[in-house]
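Asker: Show me the folded form of this:
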Amino acid sequence: MKKAKVILILTLYNLIFVPFLFVLFHILGLFNKKVKKGIEGRKKLFQNLEIKIKEKFNPQKPIFWFHSSSLGEFEQAKPIIAKIKEKVNPNIIVTFFSPSGYEHSKNYALADVISYIPFDSIFNAKRFINLIKSNKTFVFLMKYDIWPNHLYMAKKNNFTLCLANTIVNEEKLTFLRRFFYSTIYELFDHIFLISKDDEKNIQKLNLKNPKILTTGDTRYDQVFSRSQEALKKRIIPENVTKTKDGVRKKIFVVGSSWREDEDVIIPAIIKIQKYQPEILTILVPHEPTEQNIERIEKELESKTSYIRFSKIEKYSDEKVIIVDSVGHLMTLYSYADVAYVGGSFKQGIHNVLEPATYGIPVIYGPKINNSPEAQKLAQIGGGFIVKNEKEFYKILRKLLSDENLKTEAGKKSYELVKLNLGATEKIIEAIGLPI
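Answerer: Predicted coordinates:
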């Protein structure tokens, strides 16, 4: 019965969805630069893969294939990759669906081969699976990016199939989705869930084959590991973080901000500076383009002093540092007394765990449905949700002036991260590797 359902889903998928998606992507590619980049990046994909695999893979070693939709999911894969590399040093191939994931990660040092995933036709899937076939091949799909043809061909070739950082949302389990997931999830050998709620929800699918284990979220392991590395870097001179009297300034870091965030933050910061002139704000826009930096400078002009991060060596007691390059945010959070995480006045909040791992209070806007950890952080008192400029001003000023409140909130932030460490080791142990 289960096999018949798989065949039914694959038949419908290949007759209807695969041709539809192929045409849709190519139409979208005419108008959308990101989609176009993904299509162009797949040209000569197999030719390039064959060359790279021949050059990089050791035929005597097992193969681990990690697939992520984009950059966020790949962050969840990284601690698993690092631990597996440390324990068994296998051949590792990493694939992405989206151009943003691939472009940001194409030089990732722990992978032997990095590529786009081929378009999910049955012919491409057969060809790809044959390329990564070995005496023992493990597959890790991260979170939700499941391509049925690749999954089915991997199962036919006796790969060990793992779905990691899985979320099972009861509200999204419509009849069709329940039918799809109850069938496709049977192909997996291991399903690693994030929470007990997911464990409860997945029971409704009545799965028989996969071993199901609630491990937690590997992002906590990844963020903590990154924070330890970031603490070794000192990218702001001491004269910037201290007053002329040698007293450490109160530092407020705004991470991954969009214009909607800055419209709330900037007016409040200017007001707070009148009462707390020692505050230093480090503003890290999500998109540090020249146009965006100039817009922020115009907002600050004649209201407060500012300097670009690229000119930090010329610092002369400016009140705002505008970060005009990428790759520094994790380290900059380590300097903060309080942090704000952007996206929460736009379409969805960015990563609250990055500042939380340093044990500091975190402020953010109301759009946090995309982040269970932001919701949890607010529930336990480490995070503070603000709905407008007035609320933001009030809570930031309070956190900067009330040392006890700041310290207690910071402890709760760190506790959230600390209590959720260890998902990676549980996964490694579950697939039979030494920990």
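Asker: CA only for contacts and neighbour counts going forward, please
Answerer: OK.
Asker: Please identify which helix or strand holds His67.
Answerer: Using DSSP states H and E, His67 falls within strand 63-68.
Asker: Show me what that strand is packed against.
Answerer: Using 3 or more CA pairs under 8 Å, 6 or more residues apart in numbering; DSSP states H and E, the elements in contact with strand 63-68 are helix 71-88, strand 91-96, strand 137-142.
Asker: try 7 Å this time
Answerer: strand 91-96, strand 137-142 (3 or more CA pairs under 7 Å, 6 or more residues apart in numbering; DSSP states H and E).
Asker: That one to strand 91-96, inter-axis angle?
Answerer: If you take axes from the mean of the first three to the mean of the last three CA atoms, to 10 degrees, strand 63-68 sits at 20 degrees to strand 91-96.
Asker: mind listing what strand 63-68 pairs with, with the direction of each?
Answerer: With DSSP bridges as the test, strand 63-68 is paired with strand 91-96 (parallel), strand 137-142 (parallel).
Asker: quick check: mean pLDDT across that strand?
Answerer: Averaging pLDDT along strand 63-68 gives 97.
Asker: what does that strand contact?
Answerer: 74, 90-97, 132, 134, 136-142, 145 (CA atoms under 7 Å, 6 or more residues apart in numbering).
Asker: Ok, stretch 208-226 next?
Answerer: Under CA under 7 Å, 6+ apart, the answer for stretch 208-226 is 75-76, 78-79, 165, 186, 188-196, 199, 353-354, 357, 417, 420-424, 426-427.
Asker: Report all helices and strands that the helix or strand containing Ile114 contacts.
Answerer: Assessed by DSSP H and E, Ile114 sits inside strand 113-116. Helices and strands in packing contact with strand 113-116 are listed as strand 91-96; criterion 3+ CA pairs under 7 Å, 6+ apart.
Asker: Summarise which helices and strands the helix or strand just after the strand it packs on is packed against.
Answerer: Later in the chain than strand 91-96, the nearest helix or strand by DSSP H and E is helix 99-105. Helices and strands touching helix 99-105, by 3+ CA pairs under 7 Å, 6+ apart, are helix 33-41.
Asker: Distance from the helix it packs on to the middle of the chain?
Answerer: Distance, stretch centre to chain centre, for helix 33-41: 21 Å (CA atoms, centre = their mean, to the nearest Å).
Asker: ditto for stretch 137-154
Answerer: Between the centre of stretch 137-154 and the centre of its chain there are 19 Å (CA atoms, centre = their mean).
Asker: Skip the chain neighbours and tell me the closest residue to the most centrally placed residue in the chain.
Answerer: Centroid check for the chain by CA atoms, centre = their mean gives Gly72 as the closest residue, at 2.5 Å. Spatial nearest neighbour of Gly72, excluding adjacent residues (CA to CA, 6 or more residues apart in numbering): Gly101 at 7.9 Å.
Asker: okay but the one you found is in contact with Ser70, surely?
Answerer: Yes - at 4.2 Å, Gly101 counts as touching Ser70 under the criterion of CA atoms under 7 Å.
Asker: most packed of the helices and strands packed on strand 63-68?
Answerer: Each of the helices and strands packed on strand 63-68 was assessed for mean neighbour count using mean count of other CA atoms under 10 Å. The highest is strand 91-96, with a mean of 24.
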